[in-house]
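Engineer: What would the 3D arrangement of this be:
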Amino acid sequence: MTAASSLKSTLAVLSVVVIGTAVSCTELHVQKPRAFGREKEILVICSDSAWAAIEPDLRRKVEVEFHAVRWEKIFELAHANQKDVSYFKEWDKIILIESLEKKILLPDVVDEKTMKKVAESQEGLFFTQPDIWARGQVVVGLASAAESDLPRVVALYGDRIYQSFLKILEKEEAENMYISGINKSLADSLGKSCGFSVTLPMVYQRVMADSLPPNQWMFVHQDPVRSLVITRIDHPGPLDLSQAGLAALRDSLLATQAYPGMRTLPERVDTSSVTVDGQNRIRVFGVWENLEQISGGIYVQQIIDLPDRDRRYILDCLLFCPDSRKNKYRYVCQLDRIMDSFTLTGN
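Structural biologist: As a prediction, the model looks like this:
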């Protein structure tokens, strides 16, 4: 075979392959786009008339406020009509609310059998579906038989909508907070030299400062600013759980060396309790300010009393994040998990 005939033969084979590939590509399922959205924003897709009827109640149910420096919403709602959503269908967090009378997008999410049940029911439908129009998307929705039933269905299921998105957020934080890796060498080092261990992401750096007392350890992450200070108190004595007492205790431990110029606001101190591996801990949540630096933020603590060792550990996590677009609740979830990882390794 000559070189020319060999080339013709090769081109013929390639053309068959290309044509075959082109045909097969038309039969392939095109991958959905990646969902996008703002950190706090949930898009409510419904008719304009439905939005006018349900907006106040839906906002009360879903736009729950979080105790930051100011009260801030964990989620914020925005509305889009079904006819106008276009690429907004690829939003990452969607609440779809439709009746069978005016359904447009509902058939994309709910099958015919389910819609038949909605038509026969007085309670409406609550549903959660992932990746309907985009990857990484969550569609939480409500459906009713009649348009006039939507306000009642919102009143019935609105709390579940909020809880669904809150659980998704908490799950995402549990999966993503160690995306930089776990600082196992730090945990092992603390366990051997300090008698306790804590599991921190690699992005946290230990502060080795002469100004810190020997019974205090500090770890910092810069973007946004998050820090953990662990203080060991031997022979601690009774604990004053009043707002003023807890604020004064925090300032006495941190305001001079760890955070010079900081002041804890007694009126914003709030207490609860948590149980970690069968151990009861006091959880403190509050607000701090620094008038010298014109800054402020929130903090969360765990206080661990060990009567058998005559010792107390205070874990103090500080957050400085003035950007109102950031979801402060997300960072507090991270800080709570870090404190939950604290374990004793020695006497």
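
Engineer: So Tyr87 lies in a strand, does it not?
Structural biologist: No - Tyr87: not assigned to a strand; according to DSSP: H, G, I helix; E, B strand; the rest coil it is helix.

Engineer: Distance of it relative to Ile233?
Structural biologist: Distance, Tyr87 to Ile233, using Cβ to Cβ, to the nearest Å: 56 Å. Every C-beta, even on glycine, is put in place using the N, C-alpha and C of the backbone.

Engineer: So which of these two has more stuff around it?
Structural biologist: Ile233 (18 against 10; other Cβ atoms under 10 Å).

Engineer: The more buried one and Tyr313: what is the separation?
Structural biologist: Where Tyr313 is concerned, Ile233 sits at a distance of 8 Å (Cβ to Cβ).

Engineer: now swap in Met339 and tell me
Structural biologist: Met339 is 10 Å from Tyr313, by Cβ to Cβ.

Engineer: which residues in the stretch 101-250 of the chain form helices?
Structural biologist: Taking DSSP state H, counting those that start in this stretch as the test, the helices found in the stretch 101-250 of the chain are 106-109, 112-120, 150-176, 184-193, 243-254.

Engineer: ok, residues contacting the second one?
Structural biologist: Helix 112-120 is touched from outside by Leu100, Lys103, Leu106, Pro107, Val110, Gly124, Leu125, Phe127, Ala143, Ser144, Ala145, with contacts defined as Cβ atoms under 8 Å, 6 or more residues apart in numbering.

Engineer: need those residues in JSON lines with pLDDT, can you?
Structural biologist: JSON lines is the format used below for the contacts of helix 112-120 (pLDDT from 0 to 100):
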{"residue": "Leu100", "pLDDT": "95"}
{"residue": "Lys103", "pLDDT": "93"}
{"residue": "Leu106", "pLDDT": "93"}
{"residue": "Pro107", "pLDDT": "93"}
{"residue": "Val110", "pLDDT": "90"}
{"residue": "Gly124", "pLDDT": "92"}
{"residue": "Leu125", "pLDDT": "93"}
{"residue": "Phe127", "pLDDT": "93"}
{"residue": "Ala143", "pLDDT": "96"}
{"residue": "Ser144", "pLDDT": "95"}
{"residue": "Ala145", "pLDDT": "94"}
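
Engineer: who's in contact with Leu319?
Structural biologist: Pro224, Val225, Arg226, Gly297, Ile298, Tyr299, Val300, Lys328, Tyr331, Val332, Leu335 are the contacts of Leu319 under Cβ under 8 Å, 6+ apart.

Engineer: Give me the residue ranges of the protein where confidence is low.
Structural biologist: Within the chain, the ranges that satisfy pLDDT under 70 run 1-29, 347.

Engineer: run the last query once more with 80
Structural biologist: Residues of the chain meeting the criterion pLDDT under 80: 1-30, 87, 209-211, 346-347.

Engineer: Gln129 and Asp111 touch, don't they?
Structural biologist: No - Gln129 is not in contact with Asp111 according to Cβ atoms under 8 Å; the separation is 10.8 Å.

Engineer: Among these two, which residue is more densely surrounded?
Structural biologist: Counted by other Cβ under 10 Å, Gln129 and Asp111 do not tie: Gln129 has more neighbours, with 15 against 8.

Engineer: For the residue lying closest to that one once chain neighbours are set aside, give the beta-bridge partners.
Structural biologist: Take Gln129 and drop its neighbours on the chain: the residue closest to it by Cβ to Cβ, 6 or more residues apart in numbering is Val139, 4.9 Å away. For Val139, the beta-bridge partners are Ile94, Gln129 (DSSP bridges).

Engineer: Report the beta-bridge partner residues of Cys317.
Structural biologist: Leu228, Val300.

Engineer: got the contact list for it?
Structural biologist: So Cys317 contacts Arg226, Ser227, Leu228, Tyr299, Val300, Gln301, Leu335, Ile338, Met339 (Cβ under 8 Å, 6+ apart).

Engineer: how does it look with 10 Å?
Structural biologist: Counting by Cβ atoms under 10 Å, 6 or more residues apart in numbering, Cys317 makes contact with 219, 226-230, 298-302, 331-332, 334-336, 338-339.

Engineer: Are any of those residues buried, and if so which?
Structural biologist: 219, 226-230, 298-302, 331-332, 334-336, 338-339 (16 or more other Cβ atoms under 10 Å).

Engineer: ok, now which ones touch Ala244?
Structural biologist: Neighbours of Ala244 in contact, by Cβ under 10 Å, 6+ apart: Thr264, Pro266, Glu267, Val269.

Engineer: change it to 8 Å
Structural biologist: Ala244 neighbours (Cβ under 8 Å, 6+ apart): Pro266.

Engineer: So His235 is in contact with Arg309, correct?
Structural biologist: No - using Cβ under 8 Å, His235 is not in contact with Arg309, being 10.1 Å away.

Engineer: who's more crowded, those two?
Structural biologist: Arg309 (12 against 7).

Engineer: residues contacting Leu344?
Structural biologist: Neighbours of Leu344 in contact, by Cβ under 8 Å, 6+ apart: Gly195, Phe196, Leu306.
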